[in-house]
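**Q** just a sequence and a predicted model for now, questions to come.
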Amino acid sequence: MRTRLSRAVLTALAAGTAALSAVTAAPASAATAPIAEARIAVHFDLSAGQMPENVALEPDGDLDVTFAAARQVARVDSTGRTRILATLPAPADGGVRTPALGFPLTTGIVRTHDGTLYALYATGGADLTGLWRLGPGGTVRRVAALPADGLPNGLALDEHRRRLYITDSVLGRVWTVPLTGGTPTVWSASGDLASTGFLGANGAKVRGGALWVTNLDKGTLLRIPFRPDGGAGVPQVEATGLTGVDDFAFTGRGDEVLAALDGPSKVVRIEPGGAVSTVLDAGDGLQNPTSVAVRGGRVDVLSAAYTTATDPNLLVARLRRR
């Protein structure tokens with residue numbers, strides 16, 4: 001079952017990402033590259049569906065990771081040991097109705113300051129698609145239902161407002177829901193979030209009075225300001241030309257971003273003002289990177305090997321400080 005599921009995943013994603021060619025971003029020079037000492041720290045089990053899709057940071061240095069094709073949330077410690085925290089329930093039909101992909105997909109994950117984990121799950125069914133909360137001992141509970149014909153993907157936490165923001169890559173919108181759960185409401189349905197045939201709104205982060213969102217199909221990074229009443233302002237395009245962009249992280253240098261480009265197997269640096277340069281690529285071991293995490297001087301990049309079908313992995317690098 002595991003092998004068959006993995007083949008189905010690869011087939012679906014290969015079809016969806018066939019048009020994602022190499023991004024034209026210029027490589028960073030050795031003198032200016034913000035990344036150094038890159039190495040592959042962990043190799044995941046492709047046959048078990050361990051395709052890492054998203055990541056949240058634990059205070060002790062561990063990583064909480066969603067495995068897209070395994071319906072799982074796992075923890076990866078500093079030694080590379082991987083422990084499964086929870087497995088989400090399998091849809092009765094195997095997830096064949098999941099929009100755009102045709103298999104159940106575990107996507108975004110965040111961690112609140114008290115250690116609570118939230119994860120997104122898309123199955124094509126009204127009974128399981130939505131926002132899930134992980135409890136002690138691996139218990140999971142859906143706390144917000146989302147439309148079965150959508151694909152909840154990116155998950156962003158705003159603890160100040162005690163809300164979560166969820167990108168829908170198929171319906172082209174951002175949902176919001178309280179941390180306590182409940183009925184999601186549409187926060188933004190701007191055309192900038194729409195797909196052009198595969199997946200639109202993708203990664204999401206709250207920063208500087210705005211929700212930042214990527215659009216995979218359009219290759220853009222958006223900044224959507226919060227209005228005084230908490231509603232969505234007019235999206236501002238911060239960067240373009242980001243072929244196959246997935247999730248991203250801020251480096252701590254103002255609004256500088258490191259973003260994962262899935263199809264091209266690259267990580268790019270996006271400077272304030274929109275300048276883009278490649279800092280990691282397949283030569284460093286990337287295999288369809290999906291997400292980036294930055295903590296102090298450490299950079300973690302997760303690769304799902306969706307289309308390379310070779311080596312889903314965790315790359316660890318050092319962030320060079322100026």
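**A** Good, I have the coordinates. Keep in mind that what you see is a predicted model, and the values were worked out from it rather than measured.
**Q** contacts, neighbours, all on C-alpha from now
**A** Noted.
**Q** next SSE after the helix or strand hosting Thr278?
**A** With secondary structure defined by DSSP states H and E, Thr278 is part of strand 276-280. Using DSSP H and E, the next helix or strand after strand 276-280 towards the C-terminus is strand 289-295.
**Q** that following strand: what's the following helix or strand?
**A** strand 298-303.
**Q** elements contacting that following strand?
**A** The criterion is 3 or more C-alpha pairs under 8 Å, 6 or more residues apart in numbering; DSSP states H and E, and the helices and strands that strand 298-303 contacts are strand 52-57, strand 289-295, strand 313-319.
**Q** any idea whether Gly137 is helix, strand or coil?
**A** In three-state terms, and counting by DSSP: H, G, I helix; E, B strand; the rest coil, Gly137 is helix.
**Q** distance of it from Thr107?
**A** Here the distance between Gly137 and Thr107 works out to 21 Å (C-alpha to C-alpha, to the nearest Å).
**Q** these two: who's more crowded?
**A** Residue environment comparison for Gly137 versus Thr107 gives the larger neighbour count to Thr107, 27 against 8, counting by other C-alpha atoms under 10 Å.
**Q** which residues touch the more buried one?
**A** Contacts here follow C-alpha atoms under 8 Å, 6 or more residues apart in numbering; on that basis Thr107 touches 53-54, 66-68, 119-122, 152-154.
**Q** distance of Leu302 relative to Asp93?
**A** Summarising the geometry, the distance separating Leu302 from Asp93, computed by C-alpha to C-alpha, is 29 Å.
**Q** okay, the two: which has more neighbours?
**A** For the pair Leu302 and Asp93, the greater number of neighbours falls to Leu302 (27 against 12), based on other C-alpha under 10 Å.
**Q** burial check on Gly203, number of neighbours?
**A** Gly203 is surrounded by 30 other residues when neighbours are defined as other C-alpha under 10 Å.
**Q** I'd guessed it sits against Thr214; true?
**A** Yes. Because the distance of 5.3 Å satisfies C-alpha atoms under 8 Å, Gly203 is recorded as touching Thr214.
**Q** show me the shaky parts of the stretch 201-322 of the chain.
**A** Residue ranges of the stretch 201-322 of the chain with pLDDT under 70: 322.
**Q** one step back: and the strand holding Thr278, how far out from the chain middle?
**A** The chain centroid and the centroid of strand 276-280 are separated by 18 Å, computed with C-alpha atoms, centre = their mean, to the nearest Å.
**Q** thank you, goodbye.
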